[in-house]
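1. Fold the following for me, if possible:
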Amino acid sequence: MPIKIAVLAGDVSPAGGGVASAVTALYRALCEDGDFCVTLFGRNGDPSPQWPNLASVDIGGRGKFGYSPSLWSRLNGSAFDLLHVHGLWTYGSVVAQRWRRYRRPTMVSPHGMLDAWALAKSGWKKRIAGALFERRNIANATCIHALNPSEKAAVRSWGYKGPVAVIPNGVELPAVAARRQGGARTRTLLFLGRIDPKKSVLELIEAWSRLKSENRLAGWRLVLAGWGDEGYVGEVRRRIDELGASGSIAFVGPRFGEERAATYSGADAFILPSRSEGMPMTVLEAWSFGLPVLMSRECNLEIGFARKAAVPIATDPSALAEAIGLFLATTAEERRLLGAAGRHLVETEFTWQNAAARLADTYRWLLTNTGRPSCVDID
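-> Okay, here's the model as predicted:
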């Protein structure tokens, strides 16, 4: 009999961002192992069967909290062996508390939502939610899934004493064509992701404008690809116009599916000056396409710096401009080596098959209490 896993997530559509794409890709890979049968409960999910042993249930839900009156009735009395909740501060955490009456294992994945910056955003709401349900949800979890050692430390700082499984995200490996080198063509520095204050998009625009005024762009343009809150997106567009930067900054909107892959393929480098991340899928994707990466240390991918696959940047416009300017002045060969290191890093450390294998071992251990995986830390 296959092991039956119930997965609670938030918005699992492409617009759900990195968490949505990570969750769906992870369970596609897990279900390649015939020992598992997964039902994914999420908002805006596709209920049509697409992959063997993986079912998707659209639970509806309203607002960011995602209250869904049908969710509990679908889980109540079901024959799932284990419940895995992805994300915090939503109705899924409330339902998880009720589901524990079945005395079966529960796993929780914060996805960076216990990071200091993330906790400070709408902090008073999270303090209330923590008191009402979230601290109990985390404290009562059989195991916590952390994406990296930094997140494990954040979980421990919240007082959690149970097992923590450190399992990073993965990525699909596309075929990578040789990049054109040299010549007078315009090169592209790509930002792709949610257009959000957390990603320091306005600061990036300010930094780019400074480089333009100093004549340091050297044949480069900045492409912003993404989606977000209409108010912030409008502010970004207005700021580009105010700075007179529309000639060197292109705002191309959301990119999904084949269009997303083509956007990576057409870029020469990738940038993410984020203030807070669990593990950014876009950085892993950029590496998979062989792109050199500029990222902040808050992206929690220190291995990228250690393996010489990424350049560290800040979020302050002045320091950010200086770091970008130094990168734009590098040679084509230096950029090629950065990109090749990133591609190798993904091939060896960040495939979905690796992530799924570690998660499968963790699930089996939680259900049998034998054979604790090396990725699981016991405090």
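2. Now do the same for Val223: helix, strand or coil?
-> strand (DSSP: H, G, I helix; E, B strand; the rest coil).
3. Just grab the bridge partners of it for me.
-> Under DSSP bridges, the beta-bridge partners of Val223 are Leu190, Ala250.
4. tally of neighbours for it?
-> Other residues within reach of Val223, judged by other CB atoms under 10 Å, total 18. Every residue, glycine included, has its C-beta placed from N, CA and C.
5. How about Lys126?
-> 18.
6. Pretty sure Ser93 is one of the things it touches, is it not?
-> No. Checked against CB atoms under 8 Å, the pair Lys126 and Ser93 is beyond contact range at 11.6 Å.
7. Now do the shared contacts for the two.
-> Common neighbours of Lys126 and Ser93, using CB atoms under 8 Å, 6 or more residues apart in numbering, are Glu134.
8. and stretch 74-84, how far apart are its ends?
-> 15 Å (CA to CA, to the nearest Å).
9. likewise stretch 131-147?
-> End-to-end distance for stretch 131-147: 25 Å, by CA to CA.
10. Pull the residues that contact that stretch.
-> 84-85, 88-89, 93-94, 96-97, 100, 105-112, 126, 152, 154-155, 158-160, 162-169, 278-279, 300, 359, 362, 366, 376.
11. Please produce a PyMOL select command covering the buried subset of those residues.
-> Those of the contacts of stretch 131-147 that count as buried under 16 or more other CB atoms under 10 Å are selected in PyMOL with:
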select buried, resi 84+85+88+89+93+94+96+100+105+106+107+108+109+110+111+112+126+152+154+155+160+163+164+165+166+167+168+169+278+279+300+359+362+366+376
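12. domain ranges for this structure?
-> 3-170+351-377, 187-349 (automatic domain parsing).
13. With mean pLDDT and distance to Val176 as added columns, please give those domains in CSV.
-> Listed next are the domains of the chain as CSV, based on pLDDT from 0 to 100; distance: least, CB to CB, whole Å:
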stretch, mean pLDDT, distance to Val176
domain 3-170+351-377, 88, 15
domain 187-349, 95, 5
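14. so the spatially closest residue to Pro254 that is not a sequence neighbour bridges to which residues?
-> Spatially, and ignoring its direct neighbours in sequence, Pro254 is nearest to Trp227 (4.3 Å; CB to CB, 6 or more residues apart in numbering). Beta-bridge partners for Trp227, by DSSP bridges, are Arg194.
15. Check the contact between Trp227 and Leu192; I expect there is one.
-> No. The criterion here is CB under 8 Å, and Trp227 misses it with Leu192 at 10.3 Å.
16. More neighbours: which of the two?
-> Shown here are Trp227 and Leu192; by other CB under 10 Å, Leu192 has more neighbours (22 against 17).
17. Give me the helices and strands touching the helix or strand containing that one, please.
-> In the assignment (DSSP states H and E), Leu192 maps to strand 187-194. Judged by 3 or more CB pairs under 8 Å, 6 or more residues apart in numbering; DSSP states H and E, the packing partners of strand 187-194 are helix 17-30, strand 220-227, helix 257-265, strand 269-272, helix 281-288.
18. Right, I'll call it a day here.
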